[in-house]
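*Asks:* Turn this into a model:
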Amino acid sequence: MSSKAQNALEAFEDFLRGLDLESYGGKYRSTKTVEQDLPRELNPLPDLYEHYWKPNANHPFFPPFEEFFSQWWDRRLKPLDEFIRKYFWGCSYEFVRLGLEARLYRTAISIWTQFHFCYRWQASCTLSLQAAPELDSQGIDALIQVRAEHLVGIQIKKESYRKEARGENRFVRKRQIVSALLEIPYTLQTREELQKRANHAKTRKETYLLWLQVANHLEHLPNNFVIFRESYVRRIEDFLQRNATLTGLIPWEKVVQEALTAP
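*Replies:* From the prediction side, this is the model:
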């Protein structure tokens, strides 16, 4: 563990701890007016990485969301004007701006969770990790180098009970970059909530118990932002080192059963 990596982790956790999630939720939760696919010129990923992924900074600063959004907006006045003319002709800039704020806030929350895993990894693990917007845009949240010629991609996966397409087809597009793609699950529910759901479940009991194992390695900050415990990343690193020739898509259920379940 390097002191720089630990400092970056602590600084980022201080930033997350200071987020007023209740206020943001009240402002943005019901605002879903901008749901179109954003053109490449309006992609917020490069800006999110620029402002919030600073693993090598000695004294990293992470701007408030409002400041981040204002800079993103001011940098893109021309493509924003084209986007508004195409989809929101006759609407006020204020209406569209609020819709985009809400859209980017939801994206930022997801990316901040992803970044916390990466900061925690760099502060606690020995295997090299790389994250970049170019990878992210291809569905790879980070690359972990297990061996010289063996790169494993990770995808941070929020708890969901929707049926999803599974199998090699999801992995084919990424095969040229990584040997394996690992789903890293997290849940916003507490251990107590998941245990209660498992106790009363008529269906999905085993699934709730799997998510309970995930929750054992997560922590809720005082504002309820969910972060990864050191035990989480260390168990994932141990799993990768024990399975150094992994290939294909490794679903979150397998990760929980073989990496996160005690002992």
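*Asks:* Just give me the residue right at the centre of this structure.
*Replies:* Q114 (2.7 Å; Cα atoms, centre = their mean).
*Asks:* Buried ones in stretch 35-48, by neighbour count?
*Replies:* Of all the residues in stretch 35-48, those buried under the rule 16 or more other Cβ atoms under 10 Å are L42, N43, P44, D47, L48. For glycine as for every other residue, the C-beta is placed from the backbone atoms N, C-alpha and C.
*Asks:* mind checking pLDDT for the fourth one?
*Replies:* This points to D47. Model confidence at D47, given as pLDDT, is 98.
*Asks:* which residues touch stretch 228-239?
*Replies:* 116-117, 120-121, 124-127, 182, 184, 186, 217-219, 255, 258-260 (Cβ atoms under 8 Å, 6 or more residues apart in numbering).
*Asks:* could you redo the last one with a cut-off of 10 Å?
*Replies:* 1, 9, 113, 116-127, 129, 144, 146, 152, 154, 156, 182, 184-186, 214, 216-219, 246, 250, 254-255, 258-262 (Cβ atoms under 10 Å, 6 or more residues apart in numbering).
*Asks:* most residues in a single helix of the chain, which one?
*Replies:* As assigned by DSSP state H, the longest helix anywhere in the chain is helix 93-124.
*Asks:* So which of the contacts of stretch 228-239 belong to strands?
*Replies:* Those of the contacts of stretch 228-239 mapping onto strands are 129, 144, 146, 152, 154, 156, 182, 184-186, 218-219, 250, per DSSP state E.
*Asks:* Looking at those residues, point me to the pair that's furthest apart.
*Replies:* Greatest spacing in the ones in strands among the contacts of stretch 228-239, by Cβ to Cβ: V146 and E219 (26.3 Å).
*Asks:* re earlier: with distance to K78 and neighbour count as extra columns, can I get the ones in strands among the contacts of stretch 228-239 in JSON lines?
*Replies:* Output for the ones in strands among the contacts of stretch 228-239, formatted as JSON lines (distance: Cβ to Cβ, whole Å; neighbours: other Cβ atoms under 10 Å):
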{"residue": "L129", "distance to K78": "36", "neighbour count": "18"}
{"residue": "I144", "distance to K78": "38", "neighbour count": "22"}
{"residue": "V146", "distance to K78": "44", "neighbour count": "19"}
{"residue": "V152", "distance to K78": "40", "neighbour count": "24"}
{"residue": "I154", "distance to K78": "35", "neighbour count": "26"}
{"residue": "I156", "distance to K78": "33", "neighbour count": "19"}
{"residue": "L182", "distance to K78": "39", "neighbour count": "25"}
{"residue": "I184", "distance to K78": "37", "neighbour count": "23"}
{"residue": "P185", "distance to K78": "40", "neighbour count": "24"}
{"residue": "Y186", "distance to K78": "37", "neighbour count": "22"}
{"residue": "L218", "distance to K78": "42", "neighbour count": "19"}
{"residue": "E219", "distance to K78": "43", "neighbour count": "13"}
{"residue": "I250", "distance to K78": "43", "neighbour count": "24"}
